[in-house]
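K.L.:
need coordinates for the following:
(chains A and B)
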Amino acid sequence: MTAIIDDQQLKDMLKNPATQRKGFELMVRQYSEQLYWQVRRIVITHEDSNDVVQNALLKAWSSLDSFKGDSKLITWVSRIAINEALDFTRRQKNRVTLSTDDADLGLASRLMADEYFDGDETDAQLQEAIASLPEVQRTVFQLRYYDEMKYSDISRILGTSEGGLKASYHIAVKKITEFFHRHD
Amino acid sequence: MMYEEDYLNSKLGKKNPFTVPEGYFEQLTAQVMEKLPEKQVAKTATIKRLRPWFYAAACICIGVFIAGIAFNNNNDEVRKQMQMATAEQEYVESYYSDSYIDEEADYAMVDNQDIYAYLLAEM
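P.N.:
Okay, the predicted model is just below:
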């Protein structure tokens, strides 16, 4: 396991054209796994997540000069990755027009058949429940619960106020708790 | 909230039911770096810097073009007027030419003696 590189050091490398590419490689090596999981929790399948996270990193590379260095690198690149993932799911929803409004109908069954899903029936149904939450509730829940991200960072990523995020998080927790009560 | 989160912790844990192919993360960085275009940042900055100049140059060209058309239209007008003026001048000149006076003199059946007498009388 390579040592973690200091954020400021990475930012300096990225600002300097001579060390930019090397700095970007170090950043990818350091953060790509974390970014992948943020994306995977939103996009669900491995194949799609692989595409989305790579596209996001390419976007980050081409918009490097717009990064003012006023936030942590991971927050900046997470924002790109998560928004890329959310755009992907929105496009997916528009493509899949079922007779019912719930585009996630059948997600649990699809997951049980997915070779890169290790959970049981309850785990699969939980994913379906989370995926059916409104976008902000779903994303703030995942970032807060799994990534233990600060509200201030989530606010930068989603462009929603911290107060709005806290409210959304509480609602998401309530709904997911209800899910477990129903499946007990 | 704490109670609900504790409950979730006990039910959910931080369990991750998703898996990835063997060695996926190890090769991910190399895969991304391979796709990275060269010096993307510098290129974008140069184009962004020059763009206002392109717009300015385009405006000037359009301006010159329009002025050229407008000026060309005026030139035709001037040329026409000049032609008309020249025609008038030629007409006036012909009016006072010698051949014209001779013709008139013959018509009036006036000879040179009569003309001299007339002119002397006028003095």
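
K.L.:
in chain A, what residue comes closest to chain B?
P.N.:
A:Gly119 (3.0 Å; Cβ to the nearest Cβ). All C-beta atoms are positioned from the backbone trio N, CA, C, and that covers glycine.

K.L.:
now do the SS call for that residue.
P.N.:
Assigned with DSSP: H, G, I helix; E, B strand; the rest coil, A:Gly119 falls in the coil class.

K.L.:
same thing with B:Glu38?
P.N.:
Per three-state DSSP, B:Glu38 ends up coil.

K.L.:
for chain B, what helix or strand is lowest in average pLDDT?
P.N.:
Least confident helix or strand of chain B, by mean pLDDT, DSSP states H and E, is helix B:98-108 with a mean of 68.

K.L.:
what element comes up after that one heading to the C-terminus?
P.N.:
Moving toward the C-terminus from helix B:98-108, the next helix or strand (DSSP states H and E) is helix B:112-122.

K.L.:
send the alpha carbons of that next one over as PDB?
P.N.:
Extracted C-alpha coordinates of helix B:112-122, given in PDB (Å, rounded to 0.1, in the frame of the first residue of the first chain):
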ATOM      1  CA  ASN B 112     -20.500  87.500 -93.600                       C
ATOM      2  CA  GLN B 113     -21.100  91.200 -94.700                       C
ATOM      3  CA  ASP B 114     -24.400  91.200 -92.900                       C
ATOM      4  CA  ILE B 115     -22.900  89.700 -89.800                       C
ATOM      5  CA  TYR B 116     -20.100  92.300 -89.700                       C
ATOM      6  CA  ALA B 117     -22.700  95.100 -90.200                       C
ATOM      7  CA  TYR B 118     -24.800  93.600 -87.400                       C
ATOM      8  CA  LEU B 119     -21.900  93.300 -85.000                       C
ATOM      9  CA  LEU B 120     -20.800  96.900 -85.700                       C
ATOM     10  CA  ALA B 121     -24.200  98.200 -85.100                       C
ATOM     11  CA  GLU B 122     -24.200  96.400 -81.700                       C
END
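
K.L.:
quick check: buried residues in that helix?
P.N.:
Within helix B:112-122, no residue counts as buried by 16 or more other Cβ atoms under 10 Å in any protein chain shown.

K.L.:
got a list of what the residue positioned nearest the centre of chain A touches?
P.N.:
Among the residues of chain A, A:Gln38 comes closest to the average C-alpha position under Cα atoms, centre = their mean, at 3.1 Å. Neighbour list for A:Gln38: A:Ser78, A:Ala81, A:Ile82, A:Ala85, A:Gln142, A:Leu143, A:Asp147 [criterion: Cβ atoms under 8 Å, 6 or more residues apart in numbering or on different chains].

K.L.:
name the element it belongs to?
P.N.:
Going by DSSP H and E, A:Gln38 is in helix A:20-43.

K.L.:
so how far is that helix off the chain centroid?
P.N.:
11 Å (Cα atoms, centre = their mean, to the nearest Å).

K.L.:
equivalent analysis for stretch A:108-116, please.
P.N.:
In terms of Cα atoms, centre = their mean, the centre of stretch A:108-116 is found 20 Å from the chain centre.

K.L.:
ditto for stretch B:111-123
P.N.:
From the chain centre to the centre of stretch B:111-123 is a distance of 69 Å (Cα atoms, centre = their mean).

K.L.:
again, but for stretch A:110-122
P.N.:
Distance, centroid of stretch A:110-122 to centroid of chain: 20 Å (Cα atoms, centre = their mean).

K.L.:
got it, and stretch A:80-96?
P.N.:
With Cα atoms, centre = their mean, you get 11 Å for stretch A:80-96.

K.L.:
buried residues, that stretch. List them.
P.N.:
Of the residues in stretch A:80-96, A:Ile80, A:Ala81, A:Ile82, A:Asn83, A:Glu84, A:Ala85, A:Leu86, A:Phe88, A:Thr89 count as buried by neighbour count, 16+ other Cβ under 10 Å.

K.L.:
cool, stretch A:161-168 as well?
P.N.:
So stretch A:161-168, judged by 16+ other Cβ under 10 Å, has buried residues A:Leu165, A:Lys166, A:Ser168.

K.L.:
let me see the contact set for A:Lys175.
P.N.:
So A:Lys175 contacts A:Ala129, A:Leu133, A:Gln137 (Cβ under 8 Å, 6+ apart).

K.L.:
for chain A, what's the nearest residue on chain B?
P.N.:
Closest approach between chain B and chain A, counting by Cβ to the nearest Cβ: B:Pro17, at 3.0 Å.

K.L.:
show the model's pLDDT score for that residue.
P.N.:
Looking at B:Pro17, its pLDDT stands at 93.

K.L.:
and the residue nearest to the centre of chain A, how far is that from A:Tyr145?
P.N.:
According to Cβ to Cβ, to the nearest Å, A:Gln38 stands 12 Å off from A:Tyr145.
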